[in-house]
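In: predicted model and sequence follow; I will ask about them next.
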Amino acid sequence: MWNPNTTEAELVKFEQLYHTYRQLMFRVANSILHDESLAEDAVQQAFCRILNHLENILSVECPQTRRFVVIIVRNLAINLYHSRHKQPDVLLDELENWAADLSQSPGTAVEEQDAYQRLVALIEQMPHGYRDVLMLRYDQGYSTAQVASMLGLREENVKKRLQRARRKLEQLLKQEVNPECD
């Protein structure tokens, strides 16, 4: 929704985002929906969500922003696909928090940078739902509530996905360290 308190600079940033990413967003949505009209709807809804989180976008043309807009439109397209095919959304139950803390960003030393690159490579192998919440929460630093708002999910669902994603990532890390133990 358009906010009447939106500044001129924010409007310019939004217009730059639109011109920079609209075609990419359409291609992503259409690859999921296989319907140009629905893909256009997904892109429009994505830009409405992006407008609500404009203050979190520091630079229009950077990998984080590109990843952010792709995640938003992909999730909206998936939601449209599911609603069109009358598949119920999966509601995730809330369980206890996982003890590991992945929120500290490695990369201060050369060894940590190498470990970080391996971690990112493992995350890239994960399913979209897990990868998206991990990247938005830990790589880009959004709160659980912000991630939920961006992805159109309940906060409890995001917490559960984060828990499952961390558990899956832990399994992948163990397999990388000790490949013969499955």
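Out: Arrived safely, thanks for sending. Just so we're clear, the structure is a prediction, and the values are computed from it rather than from any experiment. Numbering: from 1, shown residues only.

In: next structured bit after the helix or strand of the chain with the lowest mean pLDDT?
Out: Least confident helix or strand of the chain, by mean pLDDT, DSSP states H and E, is helix 110-125 with a mean of 68. Sequence-wise, the next helix or strand downstream of helix 110-125 (DSSP states H and E) is helix 128-134.

In: which strands and helices sit next to that following helix?
Out: For helix 128-134, the elements it packs on are helix 63-84, helix 110-125, helix 144-151, helix 155-177, judged by 3 or more C-beta pairs under 8 Å, 6 or more residues apart in numbering; DSSP states H and E. The C-beta positions use only the backbone N, C-alpha and C, and glycine is treated the same way.

In: who's in contact with that helix?
Out: 71, 74-75, 102, 123-124, 126, 147, 151, 158, 161-162, 164-166, 168-169 (C-beta atoms under 8 Å, 6 or more residues apart in numbering).

In: so how far is V12 from the residue positioned nearest the centre of the chain?
Out: What sits nearest the mean C-alpha location of the chain, by C-alpha atoms, centre = their mean, is D132, with 3.3 Å. As judged by C-beta to C-beta, to the nearest Å, D132 and V12 stand 28 Å apart.

In: swap in S31?
Out: Distance from S31 to V12, by C-beta to C-beta: 30 Å.

In: how about L80?
Out: 29 Å.

In: and those two? Which one has more around it.
Out: Comparing L80 with V12 by neighbour count (other C-beta atoms under 10 Å), the higher total belongs to L80, at 19 against 11.

In: and that one, what does it touch?
Out: L80 neighbours (C-beta under 8 Å, 6+ apart): L33, L38, D41, A42.

In: just give the closest residue to S59, not the sequence neighbours.
Out: T65 (6.2 Å; C-beta to C-beta, 6 or more residues apart in numbering).

In: got the phi and psi for T7?
Out: Note on T7: backbone dihedrals following degrees, to the nearest 10 are phi -80, psi 170.

In: check which helices and strands whichever helix or strand F26 is part of is in contact with.
Out: Taking DSSP H and E as the definition, one finds F26 inside helix 8-33. Applying 3+ C-beta pairs under 8 Å, 6+ apart, one finds that helix 8-33 contacts helix 36-52, helix 63-84.
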